[in-house]
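# Sequence and predicted model, in that order:
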Amino acid sequence: MKILFATSEALPLIKTGGLADVSGSLPPALRALGAEVRLILPAYRGMAMAADAREVVSAFPVEEHDMEVRLLEGHLGESGIPVWLVDAPSLFDRPGGPYADPKGRDWPDNAGRFALFARAICAVALDHAWLDWKPDVVHANDWQTGLVPALLAGADQRPATLFTIHNLAYQGLFPGETFTQLHLPAELWSPNGLEFYGRLSFIKGGLAFADRLTTVSPTYAREICTPEYGYGLEGLLQYRSHVLHGVLNGVDYSVWSPENDPFIRRRYTPRNVVIGKPDNKRALQERFGLPLRREPPLIGMVSRLVSQKGIDLVLEALPGLLELGIQLVVVGTGERRFEEALREAAAAHPRQVAVHIGYDEALAHQVEAGADMFLMPSRFEPCGMNQMYSLRYGTVPIVRQTGGLADTVVDTNPETVRDGSATGFLFRPSTAQALRITVQRAVEWFGRRSAWRAVMRAGMRQDFSWERSARTYLKLYRLAMEDRNRKRDPLRWQAAAEGNSLSDPRHADTHS
């Protein structure tokens with residue numbers, strides 16, 4: 001099976017979030033199962049060097065943008081997966097990040113940038129880039145590639161399409177006049193297409209037109225079909241729920257595993273975790289100048305400091321948490337108000353609170369290895385990765401019962417401890433009180449040495465490797481190909497749009 005994996009970021013080339021982790025790990029796992037995978041990304045500044053992309057393998061015009069683009073061929077780090085970089089220097093060779101300038105402001109021409117990227121993907125998918133390679137499936141990811149399934153829907157002899165929602169909160173919404181400026185096919189401007197309450201929605205292109213839809217955990221797949229998590233798209237997602245699947249992200253255990261982690265003081269396995277964990281806890285305490293105490297639990301957080309991640313709940317609950325005697329280490333960056341509040345807390349309580357503003361890969365590993373517990377009080381979490389890292393490191397997660405957190409952590413109580421299934425602590429209400437009560441419950445269990453070790457070891461035995469997810473995706477690719485074959489006669493945008501005639505969220509009450 002030939003798969004074109006279309007993404008706006010991928011480790012180790014470029015990362016702003018979890019999309020990069022998936023894009024860097026899933027393609028190698030698919031190849032290990034026999035698939036032929038190619039990645040396609042924009043050629044951001046420095047990407048050609050990072051991917052060792054020295055060869056121009058194609059050049060073709062994109063008439064709607066009055067521009068010629070080149071494709072540079074490189075590879076994805078040590079995996080060697082072939083990568084095609086869409087080289088359009090005026091759009092992608094810029095300082096700053098993939099989506100924002102050095103000051104964090106979104107590039108004003110993001111719609112044009114990613115519309116061109118989508119058209120380049122379509123050219124490759126239809127073999128209009130003269131590469132003599134045509135995929136069976138295009139796997140598009142998030143709003144930056146959302147136009148791809150919509151543009152391919154009107155093409156003869158197109159590949160099947162699968163679209164993955166990594167975070168529905170980011171939708172690629174632009175003013176309605178942008179649709180005309182981008183010279184998109186007129187048939188796509190309707191409530192059943194790309195129009196969303198008078199605005200242009202890139203993500204609707206994927207949601208309405210892809211043969212199959214996935215998101216990154218089973219619980220999140222259900223959540224986004226509700227008004228609480230659907231951001232106005234729940235009607236469309238309810239209508240297409242028969243092709244919507246929740247596939248849990250995997251973990252690259254060659255990177256995230258305490259028995260071979262080069263960043264931690266002492267490596268360990270489930271057999272010697274009771275020796276290795278204290279050494280790493282001591283190293284973390286030393287780094288931050290915290291008292292070298294073994295008994296009070298040390299709670300770690302590595303997170304974006306934004307409301308979604310529940311950092312405001314942590315700050316509100318902090319006085320009560322400190323009364324429990326815990327130590328808290330927070331690593332992350334985000335909204336300035338949260339950064340400042342954490343700095344103030346660390347200054348006021350230097351023996352219990354330590355903060356590192358910024359991201360440090362080695363330090364993230366050291367927190368996972370050195371903390372006794374890991375805190376993730378997210379308001380919503382499509383999948384989450386750190387709770388799965390924590391389980392492997394014997395660092396018991398405390399999480400809100402939402403999205404992938406609910407799918408990967410089993411709450412600790414007398415029954416689950418007895419049957420050996422307990423791996424962490426969950427709470428449901430998104431409140432500081434619920435958070436504090438759950439941390440208190442975890443602290444109480446921490447004092448029960450034998451039970452706590454059983455919970456740690458149960459977490460370390462969990463297997464969230466990418467192979468399982470990759471096998472599921474191969475099955476979904478085949479289903480997408482079957483869906484495509486059923487639609488082929490005839491296949492035009494209007495036919496596809498008529499097939500989605502109830503897909504507009506304004507009609508949610510007629511098909512929920």
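Now that the structure is in, tell me what you want to look at. Residues are numbered from 1 along each chain as shown.
# helices or strands next to the longest strand belonging to the chain in the packing?
Using DSSP state E, we find that the single longest strand of the chain is strand 67-76. Contacts defined by 3 or more C-beta pairs under 8 Å, 6 or more residues apart in numbering; DSSP states H and E place strand 67-76 against helix 18-32, helix 47-50, strand 55-62, strand 81-87, helix 110-125. All C-beta spots, glycine's among them, are computed from the backbone N, C-alpha and C.
# Which of these sits closest to residue 462?
Closest to residue 462 of the helices and strands packed on strand 67-76, according to C-beta to C-beta: helix 18-32, at 17.0 Å.
# what does that closest one contact?
Where contact means C-beta atoms under 8 Å, 6 or more residues apart in numbering, the residues beyond helix 18-32 that reach it are 3, 5, 7-15, 37, 39, 76-77, 79, 81, 141-142, 164, 166-167, 216, 249-250, 252, 382-383, 385, 466-467, 469-470, 473-474.
# Name the next helix or strand downstream of it, please.
Scanning forward in sequence from helix 18-32 by DSSP states H and E, the next helix or strand is strand 36-42.
# Can you check which of the helices and strands packed on strand 67-76 gets nearest to residue 327?
For residue 327, the closest of these is helix 18-32, at 27.4 Å, according to C-beta to C-beta.
# Keeping just the C-alphas, turn the closest one into CSV.
C-alpha atoms of helix 18-32 as CSV (Å, rounded to 0.1, in the frame of the first residue of the first chain):
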residue,chain,number,x,y,z
GLY,A,18,1.7,16.6,19.3
LEU,A,19,1.1,16.5,15.6
ALA,A,20,4.9,16.5,15.1
ASP,A,21,5.2,13.4,17.4
VAL,A,22,2.6,11.5,15.5
SER,A,23,4.0,12.5,12.1
GLY,A,24,7.5,11.5,13.2
SER,A,25,6.4,8.1,14.6
LEU,A,26,3.5,6.7,12.7
PRO,A,27,5.1,6.6,9.2
PRO,A,28,8.0,4.5,10.4
ALA,A,29,5.6,2.1,12.2
LEU,A,30,3.5,1.8,9.0
ARG,A,31,6.6,1.0,7.0
ALA,A,32,7.6,-1.7,9.5
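# May I see the buried residues of it?
18-31 (16 or more other C-beta atoms under 10 Å).
# Contacts only, for the residue nearest to residue 50 when sequence neighbours are not counted.
With C-beta to C-beta, 6 or more residues apart in numbering as the criterion, residue 50 has its nearest non-adjacent residue at 4.9 Å, and that residue is residue 13. By C-beta under 8 Å, 6+ apart, residue 13 lies in contact with 24, 41, 47, 50, 51, 76, 77, 83.
# among these, who's most crowded?
Counting neighbours by other C-beta atoms under 10 Å, residue 41 leads the contacts of residue 13 with 29 neighbours.
# Roughly how far does that residue sit from residue 322?
45 Å (C-beta to C-beta, to the nearest Å).
# what do you get for residue 187?
60 Å.
# Ok, residue 449 next?
Using C-beta to C-beta, residue 449 is found at 23 Å from residue 322.
# Give me the more crowded residue out of those two.
With neighbours defined as other C-beta under 10 Å, residue 449 and residue 322 compare such that residue 322 has more, 17 against 9.
# In terms of helices and strands, where is the more buried one?
In this assignment (DSSP H and E), residue 322 forms part of helix 311-323.
# Counting by contacts, list what that helix packs against.
Helices and strands touching helix 311-323, by 3+ C-beta pairs under 8 Å, 6+ apart, are strand 298-305, strand 327-334, helix 336-348, helix 432-446.
# Make JSON lines from these and add mean pLDDT and mean neighbour count to it.
Below are those laid out as JSON lines (pLDDT from 0 to 100; neighbours: other C-beta atoms under 10 Å):
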{"stretch": "strand 298-305", "mean pLDDT": "96", "mean neighbour count": "24"}
{"stretch": "strand 327-334", "mean pLDDT": "95", "mean neighbour count": "22"}
{"stretch": "helix 336-348", "mean pLDDT": "97", "mean neighbour count": "16"}
{"stretch": "helix 432-446", "mean pLDDT": "98", "mean neighbour count": "18"}
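# Please convert those to TSV, extending it with distance to residue 397.
TSV is the format used below for those (distance: least, C-beta to C-beta, whole Å):
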stretch	distance to residue 397
strand 298-305	10
strand 327-334	15
helix 336-348	20
helix 432-446	10
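# Is the residue lying closest to residue 159 once chain neighbours are set aside in a helix, a strand, or coil?
Nearest non-adjacent residue to residue 159, counting by C-beta to C-beta, 6+ apart: residue 135, 4.9 Å away. Under the three-state scheme (DSSP: H, G, I helix; E, B strand; the rest coil), residue 135 adopts coil.
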